[in-house]
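**Q** sequence and predicted structure, then a few things I'm wondering about:
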Amino acid sequence: MNYKKLNKNIKKVWLIYSLIYSLILLSSLIFIKTYIYKYFKNYYSYYNFFIFIIFIICILIILILPSFKYLRYRYLIKQNKLEFVKGILFIKTVIIPFKKIQYVLIKKDPINNIFGLASIKIFTINKHYLIQGLTKNEIEKIYKYIECSLNLKERVDTEFE
C-alpha cells in the first residue's frame, strides 16, 4: 500500500503546541511553588526536584514527540475507504468506509493557518476521527473522494473561501 505522509510543517505545529502546553504546565507548577513555600517549608527542596524532573520531561517531549509522531502518522485514500495510521508506542490503523461517514468538518486554527495546514474531522455514527496536517488540496481531494463515493449533493462548508 502506498500511504501518504503528512506535510512536514505539521512537525513545527506539533512543536509549537507542545511548547505551549509545557509552558502552561511549568508556569502553573512555579506558581504553586510560591504558595507551597509558605506552608510546607520542610518539603520545599523535594518540590524543587519535582519541578526539575517535570522540566526535563517537558523538554524531551518538546524535542522528541513531534518527530516520532510524524514518522508514524500517514493516510491512504482508496476507492471506497479512507485509512490512516497513527501512534507512537501503540500503532493504530483506522479504516473508515465512505458509506459510514455522516459528516465532515474542516478545521483551521491560527497556528496551522500560519503553515498553510488544516485538519479534517470525519464523523461516523458513533465516533469521530481527526486527520491533522493536511494542505488545502489534500483536504479537497479527500472530500471529493467522499463526495463521489456517496454522491452527495451538498458541499461541506469550509473555512477556505
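**A** Noted; the coordinates are in hand.
**Q** count the neighbours of F84 for me.
**A** 22 (other Cβ atoms under 10 Å). Heads up, the C-betas are built off the backbone N, CA and C, glycines and all.
**Q** strands of the chain, residue ranges please.
**A** 4-5, 74-77, 81-86, 92-97, 103-107, 118-123, 128-134 (DSSP state E).
**Q** tell me which of those strands sits nearest to K33.
**A** Closest to K33 of the strands of the chain, according to Cβ to Cβ: strand 128-134, at 34.2 Å.
**Q** which residues sit in contact with N112?
**A** Neighbouring residues of N112 by Cβ atoms under 8 Å, 6 or more residues apart in numbering: V13, A118, S119, Q132, G133.
**Q** look up the closest residue to the fourth one, ignoring the ones flanking it.
**A** Right, Q132. S119 (4.6 Å; Cβ to Cβ, 6 or more residues apart in numbering).
**Q** quick check, that neighbour in contact with Y129.
**A** No - checked against Cβ atoms under 8 Å, the pair S119 and Y129 is beyond contact range at 10.4 Å.
**Q** the more surrounded of those two?
**A** Between S119 and Y129, counted using other Cβ under 10 Å, S119 has the larger neighbour count: 18 against 15.
**Q** how close does the residue nearest the centre of the chain sit to N80?
**A** Nearest to the mean C-alpha position of the chain, by Cα atoms, centre = their mean, lies Q132 at 5.5 Å. Going from Q132 to N80 by Cβ to Cβ, to the nearest Å gives 23 Å.
**Q** ok, the residue nearest to Q132 - contacts?
**A** I106, K107, K108, N112, L130, I131, Q132, G133, L134.
**Q** kind regards, and thank you for your time.
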